[in-house]
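S.K.: No letters, just coordinates:
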Ligand code: AQP
């Protein structure tokens, strides 16, 4: 693991799926490799579905704040906003000219999202821009949730194809690998209908107050077999049990496992026990968020410094890319035309 890149969209408030599936892993990696760990709020990705122009800037700031509250320390790692480094778009354009349309139309996320929204060309190009995000920094490792595996495979293909065509002797790009935290690769949504997702209104948000979290958890569906308090259930069929496995200690997991199967505890008791483990994880994050909300310049300063750091790397990569594909260098016009 020489250099790591990953991103998060500012499409809404960050949730425990983003935290457990991605950000928690980013924090660990940052402890190991410092400034070679690069994390990005991917605001250009966020506009591939309809967005509110009054909210986009605020959501980008909020996503940076939530990431810092979750433990990303911009003094150790690099955190920045994608639109502050325009080379992402430049490399994305180059890659789009080398990527067959059929490969993009096959992407599961494209198919899912085009059922929910009108299909914009940018939505189809999403994985090409993602490949540019990663390869601009020549990252070899991309820590993500399971839903992103297909996009990382495409990134590898784009890198392989570019190297073979334009730089076979001295490959410009590495072929990056996805790094998945298997314990939380796909955190289910509160409605138990698939993955927790900002756009599906099935989230537990990182910065949501305890009372609001309880309001959601209290009414969340459990094993349908537990109609009455005395009906035994099957923990594996209950989303609350999946959350226990992510937040509770072993004794509590054991207690709710047995309690559910024997009807020894009711679903509300089980949910109250979940709140204990959940708040143990979220309280320190929420306390740090309160600090950053009181000191917003710490967030904006981090984003400015992050963009400066990234732009240096991005410019160097783009020089190599332009040379590799044969573009005329502005400073070499004279020799060429003489
Ligand atoms: N439910 C999840 N379980 C595990 N990991 C998840 N991730 C997202 N949801 C889960 C991971 O979080 C990182 C950032 O995600 P993103 O916001 O950039 O993209 P997303 O996957 O599109 O997230 P959402 O919440 O589902 O947003 P919408 O609804 O806007 O599409 C990624 O590493 C992702 O794998």
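M.R.: Cool, got the structure. Bear in mind that the values here come from a model prediction, so they are computed numbers and not experimental data.

S.K.: where in this protein is pLDDT low?
M.R.: The chain contains residues with pLDDT under 70 at 333-338.

S.K.: domains of it?
M.R.: In the domain annotation for the chain, the residue ranges read 4-186+296-325, 208-291 (automatic domain parsing).

S.K.: of all those domains, which lies closest to the ligand?
M.R.: The ligand sits nearest to domain 4-186+296-325 of all the domains of the chain, at 2.0 Å, using Cβ to the nearest ligand atom. All C-beta atoms are positioned from the backbone trio N, CA, C, and that covers glycine.

S.K.: close to the ligand, is the closest one?
M.R.: Yes - using Cβ under 6 Å from any ligand atom, domain 4-186+296-325 reaches the ligand at 8-9, 11, 17-18, 21-22, 144-145, 147-148, 184, 186.

S.K.: Now do the end-to-end distance for that domain.
M.R.: 25 Å (Cα to Cα, to the nearest Å).

S.K.: any idea how far it is from the chain center?
M.R.: 8 Å (Cα atoms, centre = their mean, to the nearest Å).

S.K.: picking up where we left off before, redo the domains of the chain as JSON lines? Include mean neighbour count.
M.R.: Below are the domains of the chain laid out as JSON lines (neighbours: other Cβ atoms under 10 Å):
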{"stretch": "domain 4-186+296-325", "mean neighbour count": "18"}
{"stretch": "domain 208-291", "mean neighbour count": "16"}
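
S.K.: Report all helices and strands that the lengthiest helix in the chain contacts.
M.R.: When the chain is parsed with DSSP state H, its longest helix is helix 296-325. Under the contact definition 3 or more Cβ pairs under 8 Å, 6 or more residues apart in numbering; DSSP states H and E, helix 296-325 sits against strand 37-41, helix 56-69, strand 78-81, helix 87-96, helix 121-136, helix 149-166.

S.K.: and the angle from that helix to helix 121-136?
M.R.: Put simply, helix 296-325 runs at 90 degrees to helix 121-136, going by axes from the mean of the first three to the mean of the last three Cα atoms, to 10 degrees.

S.K.: follow-up on the earlier one: quick one: which of the domains of the chain is nearest residue 200?
M.R.: With Cβ to Cβ as the measure, domain 4-186+296-325 is the member of those nearest residue 200 (9.3 Å).

S.K.: In TSV, list the domains of the chain along with distance to residue 200.
M.R.: Output for those, formatted as TSV (distance: least, Cβ to Cβ, whole Å):
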stretch	distance to residue 200
domain 4-186+296-325	9
domain 208-291	13
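
S.K.: closest to residue 332 out of the ones you listed?
M.R.: domain 4-186+296-325 (10.2 Å).

S.K.: hmm, back to that, go through the residues of domain 4-186+296-325 next to the ligand and flag which are in strands.
M.R.: residue 8 (DSSP state E).

S.K.: farthest pair in the residues of domain 4-186+296-325 next to the ligand?
M.R.: Most distant of the residues of domain 4-186+296-325 next to the ligand, by Cβ to Cβ, are 11 and 184, 19.9 Å apart.

S.K.: Please state the offset of stretch 241-250 from the chain centre?
M.R.: 22 Å.

S.K.: Next, the residues that contact that stretch from outside, please.
M.R.: By Cβ atoms under 8 Å, 6 or more residues apart in numbering, the residues outside stretch 241-250 that reach it are 16, 20, 183-184, 187-188, 204, 235, 252-253, 256-257, 260, 270, 273-274, 276-278, 280-281.

S.K.: How about stretch 164-180?
M.R.: 1, 4-5, 25, 29, 98, 134-135, 138-146, 148-149, 152, 155-156, 159-160, 162-163, 317, 320-321, 324-325.

S.K.: cool, and stretch 52-66?
M.R.: 8-14, 41, 43, 46-47, 79, 81, 206-207, 289, 292-293, 296, 299-300, 302-303.

S.K.: go on, stretch 103-116?
M.R.: 48-49, 123-128, 147, 150-151, 154, 157, 199.

S.K.: Now the two most distant members of those.
M.R.: 157 and 199 (27.0 Å).

S.K.: ok, residue 188 touching residue 203?
M.R.: No - between residue 188 and residue 203 there is no contact under Cβ atoms under 8 Å: 10.9 Å.

S.K.: Looking at these two, which has the bigger crowd around it?
M.R.: Using other Cβ atoms under 10 Å as the criterion, residue 188 and residue 203 rank with residue 203 on top: 23 against 16.

S.K.: Can you tell me, leaving aside adjacent residues, what's nearest to the more buried one?
M.R.: residue 15 (3.7 Å; Cβ to Cβ, 6 or more residues apart in numbering).
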